[in-house]
Structures are given as structure tokens and as C-alpha cells.
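Q: Quick one: sequence plus predicted model below, questions after.
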Amino acid sequence: MEAYCVLGITLCHLGEFGAAQTHLAQSLTLYDAQRHRPHEFFYGREPEVFGLWNAALVRWQLGYPDQALQQNAAALTLAQELSSPLCLAGARSYAALLHQLRRDRPLTQEWAEAAIPSRASTEFHWA
């Protein structure tokens, strides 16, 4: 699952968006929440949220802006459900990027500001 995700992201950065979409979709298909959710603690990112926001960027590059926004909305919803500050910041940053690509200045600014956590929300209390 992780290998497909990383390969998909790499292919996206190389401009091979069709292949990137295939690998990211395979990664999301193989994702199992019970098995893979702990990856956030080991690797610093939750694989499903990470896969969704990268898949959204690929969808944009392939010419599907509405589908890109839908996938990013799914990443935002999941990040909120997980109450993960890192996931929320990433999904909100990608939302800002997608709206920037759409040349929607107000929403770009809104999502960019939302991606910057307040000091209170980033304080962790270790038991």
C-alpha cells in the first residue's frame, strides 16, 4: 500500500499523471484502516488522508477539477474525523493549492489561513 502511494506521488512529480492515478488508486484500494492507521505515528502521515490529497492533485492535473475538489473534501472529512492536526494541516494546504490552481483567491486565502494551526491546537499533553 505504501509503495503504491509513494510511486504514485513520484510519478505525479514526474508529470506522468495517468500512471500516478493508477498507483494512488491501488494504494487506496489496499488501505485497511485497522492495519494502516498506526502509520501516522510511525511515518508522520495517515496513509488514507495522504493518498486522497495526492490523488486530488493528480485529478486536477488530468483535467478533472471537480473530482479533485471532491477527493480533497474526502481527505478533509477524514482528517477531521481523526482529529489529527497534521492531517488537517495537510488537507487544508492541498485545498488552498487546488483553489489557487482554480484562481479562486478568496478560497485560497481561507484554506491557507485554516492550514495554520493556532498555538492552542498544536500543544500536546503527554501522559
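A: It's in. For clarity, every value in this text was computed on a predicted model and none was experimentally measured.

Q: Give me the pLDDT value at the spatially most central residue of the chain.
A: In the chain, the residue lying closest to the centroid (Cα atoms, centre = their mean) is Trp53, at 2.5 Å. For Trp53, the model assigns a pLDDT of 86.

Q: With the one 3 residues further on instead?
A: Looking at Ala56, its pLDDT stands at 93.

Q: Would you confirm that it contacts Asp66?
A: No. With contact defined as Cβ atoms under 8 Å, Ala56 does not count as touching Asp66 (10.8 Å). Every residue, glycine included, has its C-beta placed from N, CA and C.

Q: Where does the prediction get shaky in this structure?
A: For the chain, residues meeting the criterion pLDDT under 70 lie at 33, 35-45, 118-127.

Q: Go again with 80.
A: Applying pLDDT under 80 to the chain flags the ranges 31-47, 83-84, 117-127.

Q: Which stretches in it count as helices?
A: Taking DSSP state H, the helices of the chain run over residues 2-13, 17-30, 33-36, 39-43, 47-61, 65-82, 85-101, 105-115, 119-122.

Q: any idea which of those helices is most buried?
A: helix 47-61 (a mean of 25; mean count of other Cβ atoms under 10 Å).

Q: Pull that helix out as PDB, backbone CA atoms only.
A: Backbone C-alpha positions of helix 47-61 (Å, rounded to 0.1, in the frame of the first residue of the first chain) are rendered in PDB as follows:
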ATOM      1  CA  PRO A  47      -1.900   6.900   4.500                       C
ATOM      2  CA  GLU A  48      -5.600   7.300   3.500                       C
ATOM      3  CA  VAL A  49      -5.600  11.100   4.000                       C
ATOM      4  CA  PHE A  50      -2.200  11.400   2.300                       C
ATOM      5  CA  GLY A  51      -3.300   9.300  -0.600                       C
ATOM      6  CA  LEU A  52      -6.600  11.200  -1.000                       C
ATOM      7  CA  TRP A  53      -5.000  14.600  -1.100                       C
ATOM      8  CA  ASN A  54      -2.300  13.500  -3.600                       C
ATOM      9  CA  ALA A  55      -5.000  11.800  -5.700                       C
ATOM     10  CA  ALA A  56      -6.800  15.100  -5.700                       C
ATOM     11  CA  LEU A  57      -3.800  16.900  -7.200                       C
ATOM     12  CA  VAL A  58      -3.400  14.200  -9.900                       C
ATOM     13  CA  ARG A  59      -7.100  14.600 -10.800                       C
ATOM     14  CA  TRP A  60      -6.600  18.300 -11.200                       C
ATOM     15  CA  GLN A  61      -3.600  17.700 -13.500                       C
END
